[in-house]
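1. Generate a structure from the sequence data that follows.
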Amino acid sequence: MADNYQVKAKKHLGQHFLKDENIAQKIADSLTLMGYKKVLEIGPGMGVLTKYLLKKDLTTYVIEIDAESVEYLKVNYLNLASRIIEQDFLKYDLNQVFRGESFAIIGNYPYNISSQIVFKALEMRHQIPEFSGMFQKEVAQRICSEEGSKVYGILSVLAQAFYEAEYLFTVPPSVFNPPPKVDSGVLRLIRKENYSLPCKEALFFKVVKTAFGQRRKTLRNSLKTFNLTDNLKANSIFGKRPEQLSVQQFIELTQLIENDI
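-> Next up is the predicted model:
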């Protein structure tokens with residue numbers, strides 16, 4: 001492959017290649033390097049972010065589903081070749097590589113699967129002390145938003161139950177090839193020191209997802225499927241809508257439900 005060879009962005013993979021080196025460096029520098037020695041980049045494409053990760057005191061792995069991008073990386077990043085995972089991040093068992101060790105996650109995430117990427121990272125929170133990277137701006141804002149916001153939802157509550165979320169900066173469409181139709185946003189999630197919840201975590205996930213499944217209804221109506229006692233439903237918290245509850249209040253709500261069922 002010639003040096004000027006470019007991988008063609010594939011629409012079905014949601015690819016938008018970042019072409020601004022300064023922004024790539026800023027995203028790489030969003031990592032604090034605290035609590036891990038390895039990092040996994042999702043969807044490296046032609047390696048614009050990868051090259052800055054390789055300069056850090058970390059062992060960098062990349063996971064890429066696009067065969068053309070994989071070939072490009074193998075040719076242009078020889079020292080990375082043995083750590084390129086040619087797999088679908090959402091389906092692959094990452095412990096085939098990380099075997100229970102801690103690692104950070106970073107990337108310029110494909111818009112069409114970015115929420116699913118966050119959900120998978122949350123499932124592996126015991127191994128992921130830090131998660132940063134670029135999303136569609138609206139998704140990044142949602143993950144970092146607080147109660148009372150119109151965009152506050154499932155992702156906000158679940159991410160912030162276990163991580164401190166920080167929206168870092170906005171990225172315009174013009175720095176991508178091809179340019180997306182909307183702005184992008186970069187965020188960082190740093191796992192809380194005590195990230196185990198004082199309630200059943202599976203029930204917490206279920207309560208949050210069920211509540212926001214009918215976000216305009218009060219909890220008294222949206223949580224009917226839990227068959228709660230009238231005594232519990234008389235609690236004032238059930239007169240609220242889900243976007244009015246903080247993460248802590250969702251934990252308290254789960255505890256109430258746990259004691260009732």
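2. Could I get the full set of helices for the stretch 1-150 of the chain?
-> 21-28, 50-53, 67-76, 95-98, 114-123, 137-144 (DSSP state H, counting those that start in this stretch).
3. Q6: which of the ones you listed is closest?
-> helix 67-76 (8.5 Å; C-beta to C-beta). All C-beta atoms are positioned from the backbone trio N, CA, C, and that covers glycine.
4. List the buried residues of the closest one.
-> Buried residues in helix 67-76, counted by 16 or more other C-beta atoms under 10 Å: 69-70, 72-73.
5. and if you look at stretch 216-228?
-> 218-220, 222-223, 226, 228.
6. swap in stretch 178-192?
-> Buried, per 16+ other C-beta under 10 Å, within stretch 178-192: 184-191.
7. ok, so of those residues, who is nearest D93?
-> Of those, the one sitting nearest to D93 (C-beta to C-beta) turns out to be R191, at 21.1 Å.
8. what about the closest residue to the closest one other than its chain neighbours, neighbour count?
-> Setting aside the residues directly before and after it, R191 is nearest to P129 in space (C-beta to C-beta, 6 or more residues apart in numbering), at 4.7 Å. If you count neighbours by other C-beta atoms under 10 Å, P129 ends up with 20.
9. Surely P129 touches K38?
-> No - taking contacts as C-beta atoms under 8 Å, P129 lies outside contact range of K38: 10.9 Å.
10. Overlap in contacts, the two.
-> 102, 104 (C-beta atoms under 8 Å, 6 or more residues apart in numbering).
11. hmm, back to that, can you put the buried residues of helix 67-76 in JSON lines and add distance to Y52 and pLDDT?
-> Listed next are the buried residues of helix 67-76 as JSON lines, based on distance: C-beta to C-beta, whole Å; pLDDT from 0 to 100:
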{"residue": "S69", "distance to Y52": "17", "pLDDT": "91"}
{"residue": "V70", "distance to Y52": "19", "pLDDT": "94"}
{"residue": "Y72", "distance to Y52": "17", "pLDDT": "93"}
{"residue": "L73", "distance to Y52": "14", "pLDDT": "95"}
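12. I'd like to know which of those residues is nearest to Q136.
-> Among those, and counting by C-beta to C-beta, the member closest to Q136 is S69, at 20.5 Å.
13. what's near enough to touch the residue nearest the centre of the chain?
-> In the chain, the centroid-proximal residue (C-alpha atoms, centre = their mean) is V118; its distance is 2.9 Å. V118 makes contacts with 131, 143, 155, 159, as judged by C-beta under 8 Å, 6+ apart.
14. Would you mind giving those as JSON lines with pLDDT added?
-> What follows is the contacts of V118, written out as JSON lines (pLDDT from 0 to 100):
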{"residue": "F131", "pLDDT": "98"}
{"residue": "I143", "pLDDT": "98"}
{"residue": "L155", "pLDDT": "97"}
{"residue": "A159", "pLDDT": "98"}
